[in-house]
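1. Pasting the sequence and the predicted model now:
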Amino acid sequence: MMLQMPTSRTIAELREAARAARARQRFEDALEAYLELERREPEEPAWPKSAAECHERLGQHEPQLAALERAASRYAARGFFVRAIAMCKMILAREPEHLVALEALMAHQARRVTGLDRLRRKRPSSPPSTQPLESASLHDVVDGSAHPVDISDAGVYDIPLERAPRPSPVGGAELDALAAAPLFATLSADALRRLVGEVQLLELPAEAPLYAAGEPPDALYFIADGGVRLHGGGPVHATIAELGPGDVVGVVGLVANEPRPTSAVATEPGRFLALHRRSIDSLLREVPGFREGLFDLARQRLLAALFATHPLFRGLAPEAHDRLLAAFRLFEVRSGATLVETGATSQHLIVIMTGRYEARGSGGTAVLRVGDVVGASAFVDATSARTSLVAVSAGFVLALHRSAYLEIVGEVHAGGDVVPEVIGTVVS
């Protein structure tokens, strides 16, 4: 017999009652609590989502679809498009012809893109590209913005990426929480409709692997619910980042077209949307700015790994990390270009992002790939480089100027001994 929920209960009491009922597998009681929560907070998408889960456990098919539809609409209205898409995929998996939620999502996206266009700074939009991701060239894609920079060779081009916009809400529910899925910011309603049809919905238990270091990069993964822990592929397995709903994982290996440099593990039961390489290549051809968004996201992920593991960065304050993230510059490198010459004074710390490179010195030649760091010792003490760095294929690198590092770390850690301690650690 279903218990009657007193209407005098607070929101917190109803949430606890729902949690306790689900823990005891009393899904009718939990459902009643969630429906009352939805009545009290009609714009909150979590309540119909949880109600849909209870309907499913009770074998109530039509009410489950209706609850998923309400959840999808409310997630979309708040700008949480990854979660909204996950709800749509769950509906379509059960009723392929049930398109009401998908149409509502398209309407929200059309209004959202219109609102974003009003918020963005006026600048020419980079055109789509006919090249697949592994043939990326931002020098060709970003019209007029790339120019040679003297790291040491004219085959190196500075690419000033503009990050995906993260404006504050300015009115209208469709503009709320834009940071939840920044890669969707430039998608038209039609492009989003196609993406919904192409993504694969995955449901994983806690501690299940999403992918492992060394695997071929075949997809991006959007976190719809739950969380992901990224850790390195070496024996230490240091945690690089903890990510949650709206974040994207798997982008570094995909952009670099190299085996994945990190492993991703679900930290709790969750839902994930897999976007495969063929779909990404289609979006690159048809959506202006999508390539730039991918590269900026890959830059952020690669630097997050660097900040978590490298002695130059791992002991620094979060404020320093934020400022250093902005200080790293993206360079496109042509095959055969020399980035560092033996004997020259090095002013840049270089991080390999895509392509293949050789470090050539008196002791031999080492092959470098995604995530490798070049010139740390020469960088911290401004001595001459012991090896040269030559690109054996076209690619991209990230570079941080020594003066920017010292200025940022010195200002954030003013009065401390962080810089000498870090430099001593690296040099030793």
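-> Sure thing, it's come through.
2. Please count neighbours and contacts with C-alpha atoms only from this point.
-> Fine.
3. For stretch 70-84, buried residues please.
-> For stretch 70-84, the neighbour count (16 or more other CA atoms under 10 Å) marks 70-84 as buried.
4. Sitting in helices, which of those do you find?
-> 70, 71, 72, 73, 74, 75, 76, 77, 81, 82, 83, 84 (DSSP state H).
5. can you tell me how far the fifth one sits from residue 368?
-> Right, the one you point to is residue 74. Look at residue 74 and residue 368: by CA to CA, to the nearest Å, they are 47 Å apart.
6. In the stretch 201-350 of the chain, where is pLDDT below threshold?
-> Scanning the stretch 201-350 of the chain for pLDDT under 70 picks out the ranges 233-237, 288.
7. ranges for the strands of it?
-> For the stretch 201-350 of the chain, applying DSSP state E, counting those that start in this stretch gives strands covering 209-211, 219-225, 228-232, 239-243, 248-249, 262-266, 270-276, 329-333, 338-340, 348-354.
8. before we move on, back to that, least confident pick among the ones in helices among the buried residues of stretch 70-84?
-> Summarising pLDDT for those: the lowest-scoring member is residue 81, with 75.
9. List just the nearest of the ones in helices among the buried residues of stretch 70-84 to residue 386.
-> Nearest to residue 386, judged by CA to CA, of these is residue 82 at 47.2 Å.
10. Does the closest one touch residue 246 like I think?
-> Yes - look at residue 82 against residue 246 with CA atoms under 8 Å: they come within range, at 5.9 Å.
11. sorry, back to before: closest to residue 18 out of the buried residues of stretch 70-84?
-> Of all the buried residues of stretch 70-84, residue 71 has the smallest distance to residue 18: 17.4 Å, by CA to CA.
12. could the strands of the stretch 201-350 of the chain be laid out in a markdown table, adding mean neighbour count?
-> Compiled in a markdown table, these are given as follows (neighbours: other CA atoms under 10 Å):
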| stretch | mean neighbour count |
| --- | --- |
| strand 209-211 | 18 |
| strand 219-225 | 23 |
| strand 228-232 | 24 |
| strand 239-243 | 18 |
| strand 248-249 | 26 |
| strand 262-266 | 24 |
| strand 270-276 | 22 |
| strand 329-333 | 24 |
| strand 338-340 | 23 |
| strand 348-354 | 24 |
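13. And the ones you listed: which comes nearest residue 50?
-> Nearest to residue 50, of the strands of the stretch 201-350 of the chain and by CA to CA, is strand 219-225 at 12.0 Å.
14. Which strands and helices lie in contact with that closest one?
-> In this structure, strand 219-225 packs against helix 81-94, strand 248-249, helix 251-256, strand 270-276, with contacts taken as 3 or more CA pairs under 8 Å, 6 or more residues apart in numbering; DSSP states H and E.
15. Present those as a markdown table; the columns should include distance to residue 231.
-> Below are those laid out as a markdown table (distance: least, CA to CA, whole Å):
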| stretch | distance to residue 231 |
| --- | --- |
| helix 81-94 | 23 |
| strand 248-249 | 12 |
| helix 251-256 | 13 |
| strand 270-276 | 18 |
